[in-house]
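Enquirer: Compute the structure for the input listed below.
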Amino acid sequence: MSSSARRASVSALARPRAPSRAPSPIARCSQARAPACFLIGAKLWTLIIVSLTYVMAVKFRELRTSDWLNANLRKNLSNYGVSITIISLTILSSLLTPVLGIFDLRYLNVPTIIEPTWKDPMTGLARPWIVQAGGYAKPFPTWAIFLMIAPAIGGCLLGYLDQNLTEVLVNRKDRMFKKLPAYHLSNMVVGLVLYPFCAILGLPAPHPATVRSLAHVMAVTSTVTVPLPDGKGTTVRVTGVAEQRVSHLAIHILILICLTAGSVLRYVPQPIIIGVFLFLGIASIRGNQMFDRLFVLLSFERERWPNYYYVQDVDRREMTRFTLLQTVIVVTMVAISRVSQIAIVFPFLMATMVPVRLYLIPKFFSKEAIDVLDR
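Expert: Numbers count the residues shown, from 1 in each chain. Model prediction:
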């Protein structure tokens, strides 16, 4: 072999190889040898699954008041409609994603081992269950302890307001609870038991799960739809609530079981869970006066407004201004909470709503209107 040929072969071996590219969806589809590979993108399939989840959950809920099947079967299908939706759409998605050429759909990220998620970068081992207050890689500076007081106050305000807000929404007067609420007991349990326990183990701070709490109380509430006096609409009236502790205990036992079912839950697509939360969030809006007023204001013909008590007892202009003010506040606070750079001020902003309600709002609205619109 000549010297020039040897140099050429050596340079070819020394030349870095181009990184191998991931196979295209078309190539992966052909490799899968699917009978019909339509190459629907994961984003489009996510939108389809979210929509199907929401629609199926709504239809199962409406089945309770329909004329289909018999009363017991309608009741059982309505009660377990969300679970049926999750299982059926999980099976459907697992069967169709290979056929449709979808290989990058997101699934639940559930660990198979119950252990702390932080791992030592030097050893790769998970940290001990008990958090080392003095730090891991290097000692935690003393000045940083005092620096954390300000965000700790914000977290305390957020937990306190979130806890009380959820309890107020759950313990509404129209639910006609027979057992009295225990606001102070709930805050004492959270402050003395849950928060210290989570801090010692390095767990996320507990929260009252407003949407899930409202969905639970609505599930054990019996209602009846009655027409309004003027016949221009209907309203939902509570007839009773099954006040017991069995459902709470069963829910949390099932949550504990889910910790050991990671190998099964990881097959559930994330879009299904997004659709379930969308359903729970929209379902919890029902009966919220602010959203009811927003829907009323979308009808510009006053004579077509339903005969709600706040429509009859409050001037239209005052009700419109109060509703728009509430909407602006809600949109602003949600926007701030979604921006990570300024999200730390969110709990302090929520705390400012108390003096705003007590001292600023009464200057622009009459006492009678506030009593009716701010129930």
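Enquirer: What separation do you get for Pro311 and Arg172?
Expert: Quick fix: residue 311 reads Val, not Pro. Val311 is 19 Å from Arg172, where distance means C-beta to C-beta, to the nearest Å. Every residue, glycine included, has its C-beta placed from N, CA and C.
Enquirer: Strands of this protein, start to end?
Expert: All strands of the chain, identified by DSSP state E, fall at 221-227, 234-241.
Enquirer: Who are the packing partners of the shortest one?
Expert: Using 3 or more C-beta pairs under 8 Å, 6 or more residues apart in numbering; DSSP states H and E, the elements in contact with strand 221-227 are strand 234-241.
Enquirer: Mean neighbour count and mean pLDDT for the strands of the chain - can I get that in TSV?
Expert: Output for the strands of the chain, formatted as TSV (neighbours: other C-beta atoms under 10 Å; pLDDT from 0 to 100):
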stretch	mean neighbour count	mean pLDDT
strand 221-227	12	76
strand 234-241	13	76
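Enquirer: could you dump those strands to JSON lines with distance to Ile149?
Expert: Formatted as JSON lines, the strands of the chain follow (distance: least, C-beta to C-beta, whole Å):
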{"stretch": "strand 221-227", "distance to Ile149": "42"}
{"stretch": "strand 234-241", "distance to Ile149": "41"}
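Enquirer: Burial check on the closest residue to Val190 other than its chain neighbours, number of neighbours?
Expert: Ranked by C-beta to C-beta, 6 or more residues apart in numbering and with sequence neighbours excluded, the top spatial neighbour of Val190 is Gln163, at 6.2 Å. When counting by other C-beta atoms under 10 Å, one arrives at 19 neighbours for Gln163.
Enquirer: and Gln163, what is it in contact with?
Expert: Applying C-beta atoms under 8 Å, 6 or more residues apart in numbering to Gln163 gives the contacts 186-187, 190, 207-208.
Enquirer: Give me the distance between it and Tyr183.
Expert: Applying C-beta to C-beta to Gln163 and Tyr183 gives a distance of 8 Å.
Enquirer: same thing with Lys75?
Expert: In terms of C-beta to C-beta, Lys75 sits 33 Å off from Tyr183.
Enquirer: Next step: the contacts of Gln163 restricted to helices.
Expert: 186-187 (DSSP state H).
Enquirer: Check the contacts of Gln163 for burial and list the buried ones.
Expert: 190, 208 (16 or more other C-beta atoms under 10 Å).
Enquirer: Tell me the one among the contacts of Gln163 nearest to Thr332.
Expert: Ranked by distance to Thr332 (C-beta to C-beta), these are led by His207 at 21.3 Å.
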